[in-house]
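A.B. asks: below are the sequence and a predicted model; questions follow.
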Amino acid sequence: MARTALVTGGTRGIGAAISKALKEQGYQVAATYAGNDEKAKAFTDETGIQTYKWNVGNYEESKAGLEKVESELGPIDIVVANAGITRDAPFHKMKPEQWNEVIETNLTGVFNTIHPIWPGMRERGFGRIVVISSINGQKGQFAQVNYAATKAGDLGIVKSLAQEGASKGITANAVCPGYIATEMVMAVPEKVRDAIVGQIPTGRLGEPEEIARCVSFLVSDDAAFINGSTISANGGQFFV
Ligand code: NDP
């Protein structure tokens, strides 16, 4: 039977490209989203991929949503924690709400997505976890104290889970995209975007499919010995 893959924030941007790539590889895919029903419906109409709506920042909602996915598609073998938001502001202007919202979605959301299905992966002796972090979690970024903190925290989650899951056939890895042409980045003013592209040696934004291909590899059987790693896909903008 085909393995089941869950992609949070899997209906738009990078997540949508990941959902499609995993479906093309033969996995059963569940794509989640937060509230944009219109985009989710268009995504299902286009791809045939089933979508589920819940807030990754809420543990009980996540647990119930994951149970629903498992009851409909079978045990989740692969989880791609991709859902993420930005609430940018220079630190002296950052409001506690901006800090809290980003922490809740990008960091607690990763815990809420993995924790309820972790015991099942341990019991079955197989699991593939990929967390979508960010170049800005590796290097920090002006006006993104909140976002950079969560994305750096995501790397800590992955490295720790890699150690806890290894003996149970579970791997946990991260992908750190650079600037990718999604709505998140296209929402940035054009002038700022041009300046960003100027910092990318490859001379362009990345494509969501380029991140999806990293994920496809990390969840495959071929990647069984890759655990606790970070793949940077940023056009040469930053080296760790
Ligand atoms: P988009 O804004 O294009 O899409 C975000 C997706 O996440 C949507 O499906 C959205 O659902 C979902 N989502 C947001 N908040 C929640 C929530 N609380 N609960 C459940 N789902 C939620 O994002 P990108 O594709 O640009 O980014 C995807 C990931 O990649 C993020 O983690 C981001 O931080 C990371 N990243 C992106 C980069 C880029 O250049 N774009 C660079 C580096 C990292 P809905 O449609 O309902 O709003």
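C.D. replies: Okay, I see it. The structure displayed is predicted, hence computed values, not measured ones.
A.B. asks: show me which residues of this protein sit near the ligand.
C.D. replies: 8-9, 11-15, 32-36, 39, 55-57, 82-85, 105, 109, 132, 134, 177, 179-180, 182-185 (Cβ under 6 Å from any ligand atom). (Glycine included, C-beta is placed from N, CA and C.)
A.B. asks: I'd like to know which of these are buried.
C.D. replies: If you count burial by 16 or more other Cβ atoms under 10 Å, the buried members of the residues of the chain next to the ligand come out as 8-9, 11-15, 32-34, 39, 55-57, 82-85, 105, 109, 132, 134, 177, 179-180, 182, 185.
A.B. asks: which of those fall within strands?
C.D. replies: 32, 33, 132, 177 (DSSP state E).
A.B. asks: export the residues you listed to JSON lines and tack on pLDDT?
C.D. replies: JSON lines is the format used below for those (pLDDT from 0 to 100):
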{"residue": "32", "pLDDT": "98"}
{"residue": "33", "pLDDT": "98"}
{"residue": "132", "pLDDT": "98"}
{"residue": "177", "pLDDT": "98"}
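A.B. asks: would TSV of these with distance to residue 229 be doable?
C.D. replies: Formatted as TSV, those follow (distance: Cβ to Cβ, whole Å):
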residue	distance to residue 229
32	25
33	28
132	14
177	15
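A.B. asks: can you pull up the most central residue in this structure?
C.D. replies: residue 82 (1.6 Å; Cα atoms, centre = their mean).
A.B. asks: can you report how many residues neighbour residue 201?
C.D. replies: 8 (other Cβ atoms under 10 Å).
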